Each structure stands twice: as structure tokens, then as C-alpha cells.
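S.K.: no sequence on this one, just coordinates:
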């Protein structure tokens, strides 16, 4: 459910973290790297570990774009994950919540 603009406090300024293509469960929470379901830092480290247009993993295939995300956070606005296609289903919802926990929103 999307709140009415007045309920959200009007305008919200965010910095966009754009992810091209489809985001699937393995992009957000790759099972081989994040085997422990409650280990949020482990999941966050492996998120988007494979390079794609606009995504620069810290260690391709191992560690996702943490430095890229930190650079965007330095702009001082909340970070918004924006993808061409972000799948539905419990796994994606769980992984999306994980991102909110890691980034505090």
C-alpha cells in the first residue's frame, strides 16, 4: 500500500541506486554465500556480487558493490534501490527487508 503524499510528508528526496535488468533472489541473497538465514551482514556482503551495467562489485563474484553504495550514501539522502524488474514473492520481499535493515530504513 502506497501512502497518500500528505501521509508521507510531501516530497521525499532520495539518492537512487539503479540496478539494470531483473533482480532475483540470487542477486539479493545468494544461497552459496549467505547460507545462514539470519546473518544479515553476510547476505549484504554477497548482494549484487556479479557485475552488470552500472554495478561495480568490490570483488566480482565475491563481494557486492559496498563501496559504490557507501559513496551514494555520502550524498546524505536515503538510498532508494530502483530496478528495472524487482521480482515478487517471499524471497524478494525478505531480501528487500534485509536491505532496509542494513541501511536503517
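M.R.: In hand now; what should we look at? Values in this document were obtained by computation on a predicted structure and should not be read as measured data.

S.K.: now residue 73: closest residue in space, sequence neighbours ignored.
M.R.: Excluding the flanking residues, the one nearest residue 73 by Cβ to Cβ, 6 or more residues apart in numbering is residue 79, at 5.8 Å. In this view, the C-beta of every residue, glycine as well, is placed from N, C-alpha and C.

S.K.: this protein: strands as residue ranges?
M.R.: 15-23, 79-86 (DSSP state E).

S.K.: want to throw the ones you listed into CSV with mean neighbour count, distance to residue 51 and mean pLDDT?
M.R.: Shown next, in CSV, are the strands of the chain (neighbours: other Cβ atoms under 10 Å; distance: least, Cβ to Cβ, whole Å; pLDDT from 0 to 100):
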stretch, mean neighbour count, distance to residue 51, mean pLDDT
strand 15-23, 15, 11, 91
strand 79-86, 15, 16, 87
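
S.K.: let me have those strands in a markdown table, extended by distance to residue 59.
M.R.: Shown next, in a markdown table, are the strands of the chain (distance: least, Cβ to Cβ, whole Å):
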| stretch | distance to residue 59 |
| --- | --- |
| strand 15-23 | 18 |
| strand 79-86 | 21 |
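
S.K.: nearest to residue 71, out of the ones you listed?
M.R.: Smallest distance to residue 71 across the strands of the chain (Cβ to Cβ): 9.8 Å, for strand 15-23.

S.K.: give me the angle between that closest one and strand 79-86.
M.R.: 20 degrees (axes from the mean of the first three to the mean of the last three Cα atoms, to 10 degrees).
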